[in-house]
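*Asks:* sequence first, then the predicted structure, then my questions.
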Amino acid sequence: ISTTTSTTTSTSTTSFDPFTTTSITQCYYRPESEKKFKHSNSNRNSNRSKKQRNNRQNNNNRVKVTSKQKVRDSSAALNADLEALTKQNQVDQAEDLLISALRDYDSGRSELRPDCFHFAIVLKGWNASKKRAAAPRAEALLESMMDYYEEGKTWLRPNKFVYNLVLNAWSTSPAAGSAARAEALMRRMEDVSGVRPNVITYTTVIKAWAYSSQEKGSAERAEELLDEMEEIYAKTGRDCRPNVITYNAVIEAWAKRGSEAGSALRA
């Protein structure tokens with residue numbers, strides 16, 4: 001590749017930088033090279049377009065899966081379908097598909113066994129949906145897991161990760177009493193399920209109280225939970241030592257009290 005610059009007295013040839021353009025030079029290609037380049041580029045574009053169309057078609061086929069259709073024949077395929085539905089904010093359909101998969105498992109399809117990971121995908125979907133009913137729906141799904149566990153599906157015992165997802169849904173819920181619901185769930189988490197809260201659990205509940213700044217005593221309750229974390233860690237060394245995020249959540253709870261006497265000092 002070369003460039004030619006013409007003047008009235010002489011002609012000079014300089015190297016061409018393909019990443020730089022200029023208005024006073026032109027780039028010339030040999031006819032054979034130009035023909036091969038265009039043909040090769042056309043093939044690449046054609047192949048790329050065909051691949052993109054196939055990908056779009058596959059995605060469209062996937063997100064149309066509903067509980068009324070037959071669930072595919074492996075846990076990995078179920079995982080992919082749930083992910084696709086939740087990414088399209090079709091969380092209701094994802095939950096229906098999950099429950100259908102459990103029915104199919106009960107009917108004898110042993111290769112298809114939904115577990116906590118599949119439930120977590122739907123719970124993350126409710127968190128991301130930002131729907132007003134997200135928190136109640138997430139907790140209802142948690143209750144379903146508990147029912148399945150008590151029926152004998154021991155692999156569906158809710159774990160810490162599942163509980164924390166439900167708590168996170170309550171921590172951002174605009175509904176009145178959300179912070180109290182989150183704290184009540186944290187207490188039941190240990191008393192009923194035997195799952196000990198960790199630093200993420202406590203911090204999420206503290207964030208719920210910070211978010212519920214209009215509720216009376218919200219900042220005080222956030223700080224009380226912080227004190228509880230420090231005491232548990234000092235006595236047992238459990239994984240609930242407050243971190244920067246925890247302290248920031250308590251500070252935010254006090255800051256949202258605005259000009260109320262003593263709020264700034266407490267923060």
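*Replies:* Received, thanks. Numbers count the residues shown, from 1 in each chain.

*Asks:* what separates residue 160 from residue 112, distance-wise?
*Replies:* Residue 160 sits 26 Å away from residue 112, going by C-beta to C-beta, to the nearest Å. The way it works is simple: take the backbone N, C-alpha and C, and place the C-beta from them, glycine included.

*Asks:* residue 118: how many residues sit nearby?
*Replies:* Using other C-beta atoms under 10 Å, residue 118 has 22 neighbouring residues.

*Asks:* doesn't it lie inside a helix?
*Replies:* Yes: assessed with DSSP: H, G, I helix; E, B strand; the rest coil, residue 118 lies in a helix.

*Asks:* what's the pLDDT at it?
*Replies:* Predicted confidence (pLDDT) for residue 118: 96.

*Asks:* what residues are up against it?
*Replies:* Neighbour list for residue 118: 75, 78-79, 82, 98, 101 [criterion: C-beta atoms under 8 Å, 6 or more residues apart in numbering].

*Asks:* do the same with residue 240
*Replies:* 197-199, 201-202, 229, 232-233.

*Asks:* so what does the helix or strand harbouring residue 182 touch, helix or strand wise?
*Replies:* Secondary structure assignment for residue 182, by DSSP states H and E: helix 178-191. Counting by 3 or more C-beta pairs under 8 Å, 6 or more residues apart in numbering; DSSP states H and E, the packing neighbours recorded for helix 178-191 are helix 134-150, helix 160-171, helix 199-211, helix 218-236.

*Asks:* tell me which residues are up against the last one.
*Replies:* Going back to what we said before, that points to helix 218-236. 179, 183, 199, 202, 205-206, 209-210, 212-213, 238, 240-242, 246-247, 249-250, 253-254, 256-257, 263, 266.

*Asks:* and what of the shortest one?
*Replies:* Contacts with helix 160-171, where a contact means C-beta under 8 Å, 6+ apart, come from 116, 119-120, 123-124, 126-127, 134-135, 138-139, 141-142, 145, 178-179, 181-182, 185-186, 189, 193, 195-198, 200-201, 204-205, 207-208, 211.

*Asks:* helix 199-211 and that helix, what's the angle between them?
*Replies:* Computed by axes from the mean of the first three to the mean of the last three C-alpha atoms, to 10 degrees, the angle separating helix 160-171 from helix 199-211 equals 10 degrees.

*Asks:* helix 160-171 vs helix 134-150, what angle?
*Replies:* Using the same axes, to 10 degrees: helix 160-171 against helix 134-150 is 150 degrees.

*Asks:* so which helix or strand takes in residue 215?
*Replies:* Counting by DSSP H and E, residue 215 is found in no helix or strand.

*Asks:* and the helices and strands packed on helix 178-191 as a markdown table, adding mean pLDDT, mean neighbour count and distance to residue 106?
*Replies:* A markdown table is the format used below for the helices and strands packed on helix 178-191 (pLDDT from 0 to 100; neighbours: other C-beta atoms under 10 Å; distance: least, C-beta to C-beta, whole Å):
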| stretch | mean pLDDT | mean neighbour count | distance to residue 106 |
| --- | --- | --- | --- |
| helix 134-150 | 96 | 18 | 10 |
| helix 160-171 | 97 | 24 | 21 |
| helix 199-211 | 96 | 25 | 32 |
| helix 218-236 | 95 | 16 | 40 |
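
*Asks:* could you dump these to TSV with distance to residue 108?
*Replies:* Converted to TSV, the helices and strands packed on helix 178-191 look like this (distance: least, C-beta to C-beta, whole Å):
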stretch	distance to residue 108
helix 134-150	17
helix 160-171	27
helix 199-211	38
helix 218-236	46
